[in-house]
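just to be clear, the model below is a prediction. Sequence and coordinates:
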Amino acid sequence: MPDKSIRLVVPIVVISGVALSATAAELLYGRPAPPPAAAAPAQTQPPQASRSSQPSARPGRTAESLGLVRVDYRLTRLPQHASNQLAVWIEDAGGRYVRTLFATSYTANGGYVRRPMSLPRWRESANWESATEAEIQSASRPAQESGRHSLYWDGTDAAGRPVPAGTYVYRIEGNLLWENRVLFTGTITLGADGNSSRARAEYLPESARSQETMQETMQERMIEDVGAEFLPGEPLDPALVTTFTRGS
Amino acid sequence: MGTEVLVAGLAPGDAATVLTWLRRVERTFSRFLPESDMGRVNAGGETEVSELFLVALGEAMRWAETTGGLFSPWLATELCRAGYASDFAGLTRATPADAGRADAGRAGVPQDGRVVAGGGGVRARSGPDAGAGRADGPRAGEGRVEVDFERRTVRVRGGVGVDLGGFVKGWSVQQAADALRSRGVRRGLIDAGGDLVCWRAPLDPPWGIGVEHPLGGVVTTLEPPPGATAVATSSVVRRSWPDAAGNRLHHLIDPRTGRPAGSDCLQATVITGDLGAAEVYAKCLVILGTREGPRWLATHAPTARGILVHRDGTITTTPGSTAPSGGCVEAGR
């Protein structure tokens, strides 16, 4: 290509249909006007009575000044029925339910009535049969595509109350095939310093391990590479430069 | 997005919402994830995409039209040819062989430097018959993109690739900021790799935004006024790499040549009211250079303010308007 030649790289574009338009709120929160789509939506209403046994915030630092927890995992959707149901939730160090970050909509919205083996560990911990409509809307999401995923926990419980600093348990439960499940469990500490952890897997029932092993040989391990990181919040000093624009 | 994100001044729940949204954007638009909408579209064939992808692509196409093609979302192939074919974190040295391999992964990429005919901007048709029977094309060898908003499909052919790069980063950050502000969040800052939106009420302390000098140091520090302000910077220094001959290549492609822009502008910062717009304007300034760029910005976005850094390190500023976006106070801190 001669140096001086001009190659116009704008292609012909053929458009059909009507161009979509979506507001920012729709893209962020879905439509029509559902609750926030994030794993941990802000609560704008006064806290309601919660099913959580989590004690109300004690004096001292609470999550409002603590930061965020990010839960990461890799998901590979399995090409079969009675699989791919998934829930991610938080418990406190005593095993008491705090809140759900994600649950596949089929189970979250009552699919467990027809398929009782769907995510029983999560449903039991969360007492999901008694969940409020707001909780269901907050946690229920369409099944995720294969790939790496991250969910954020803002350090609030199911009623939107900040939790105390301390150690918490994150869990991911997934249905491998019918009643065969994998449950990942890890701990993370909310405090002044950042920290991270990896989760360990157990199979429910133990015989489900063979299911996973079989899938692994087909490179179809449903959930793997599960971990979490606590990102502590930083105090803002208005006297300092907040950030730099620098070219991307 | 291969970038650092800073979220400040927001309640943890709002911060979580923003970060979750940006993760979704990354999964949809990354060129380097084969399973993303972007990856699937660029792999060729008619590809069903998400509504999110179509909305952002539509916005990018609108900007291509507004700028007369100076901003283009169709430069993925040219980026790969320049050597930016993998996540920048893993990019070290581009060689002609690398570029050839990158091209080989894309069906139909012209290897002979054919001149592609067409006008100076995105030519678009709408209507139910738009996909059939164009009187003027396509001709052999032409790039062609078909976007069907009803069926939510995109097809790229003839060596064209889609890259929304920095634009979608800015656009998505703006979406997040708009949504939070519409919900009454009074103050916040969302910074994705140095391109940011910040907002505050009159009595809130101001945000301090430093403008890095690409050759070291700080150009200036801005204190945006109350309300919302978007700041974007494009640079040929940060994401650059050497080719086999030792020349520096970078990621800002000039759509008029299909090659990394070769103007005398090292870096351009634009301060305006919308981050998607700021991204586009900053890119156009770098492409046009320090003489033509300010004139172009004054014509296309008279309220926007520009700060350009020349190759020799000197600085040119364009005044912009006094309100609301261009009226940043230089803090002198």
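Here it is on my side, so go on. Remember, it's a predicted structure, so these values are computed and weren't measured experimentally.

per-residue pLDDT, residue A:19?
You'll see residue A:19 listed with a pLDDT of 55.

for the one 5 residues further on, same thing?
pLDDT recorded at residue A:24 is 56.

so which strand or helix has residue A:88?
According to DSSP states H and E, residue A:88 maps onto strand A:86-92.

now the helix or strand following that strand against strand A:86-92, angle please.
Proceeding N to C from strand A:86-92, the next assigned helix or strand is strand A:97-104, under DSSP H and E. Between strand A:97-104 and strand A:86-92, the angle comes out at 170 degrees (axes from the mean of the first three to the mean of the last three Cα atoms, to 10 degrees).

sketch out the low-pLDDT regions of the stretch 101-250 of chain B for me.
For the stretch 101-250 of chain B, applying pLDDT under 70 flags the ranges B:101-143, B:239-242, B:248-249.

and with 90 instead?
Flagging of the stretch 101-250 of chain B using pLDDT under 90 yields the residue ranges B:101-145, B:157-160, B:165-166, B:193-194, B:203-205, B:216, B:237-250.

and the helices in it, which stretches?
With DSSP state H, counting those that start in this stretch as the definition, the stretch 101-250 of chain B shows helices at residue ranges B:165-182.

again with chain A
Using DSSP state H, the helices of chain A run over residues A:24-29, A:105-108, A:120-126, A:133-139, A:208-217.

average model confidence for the shortest one?
Looking at helix A:105-108 alone, the average pLDDT works out to 94.

quick revisit: so is the strand holding residue A:88 next to chain B?
No. Strand A:86-92 lies out of reach of chain B by Cβ under 8 Å from any Cβ of the partner chain, never closer than 12.3 Å. No exception for glycine: its C-beta is placed from N, CA and C like everyone else's.

partners of that strand in the sheet?
Paired neighbours of strand A:86-92 in the sheet (DSSP bridges): strand A:97-104 (antiparallel), strand A:166-177 (antiparallel).

contact partners for the residue lying closest to residue B:161 once chain neighbours are set aside?
Take residue B:161 and drop its neighbours on the chain: the residue closest to it by Cβ to Cβ, 6 or more residues apart in numbering or on different chains is residue B:76, 2.8 Å away. The neighbourhood of residue B:76, defined by Cβ atoms under 8 Å, 6 or more residues apart in numbering or on different chains, consists of B:31, B:42, B:160-163.

worst-scoring helix or strand of chain A, pLDDT-wise?
Counting by mean pLDDT, DSSP states H and E, chain A has its least confident helix or strand at helix A:24-29, which shows a mean of 59.

how near is the nearest residue to residue A:89 once chain neighbours are set aside to chain B?
Distances taken as Cβ to Cβ, 6+ apart put residue A:100 closest to residue A:89, at 4.4 Å, once the chain neighbours are dropped. Distance check for residue A:100 against chain B: by Cβ to the nearest Cβ, to the nearest Å, it reads 14 Å.

residues contacting residue A:100?
Here residue A:100 is in contact with A:87-90, A:122, A:126, A:128, A:135, A:138-139, A:158 (criterion: Cβ under 8 Å, 6+ apart).

closest one of the residues you listed to chain B?
residue A:138 (10.6 Å; Cβ to the nearest Cβ).

model confidence for the closest one, exactly?
The confidence metric pLDDT takes the value 86 at residue A:138.

cool, the one 10 residues further on as well?
Residue A:148 is assigned a predicted lDDT (pLDDT) of 86.

for it, which non-adjacent residue is spatially closest?
Per Cβ to Cβ, 6+ apart, closest to residue A:148 is residue A:74, 5.2 Å.

wait, the one you found sits on residue A:222?
No. Counting by Cβ atoms under 8 Å, residue A:222 is not a contact partner of residue A:74; they are 9.5 Å apart.
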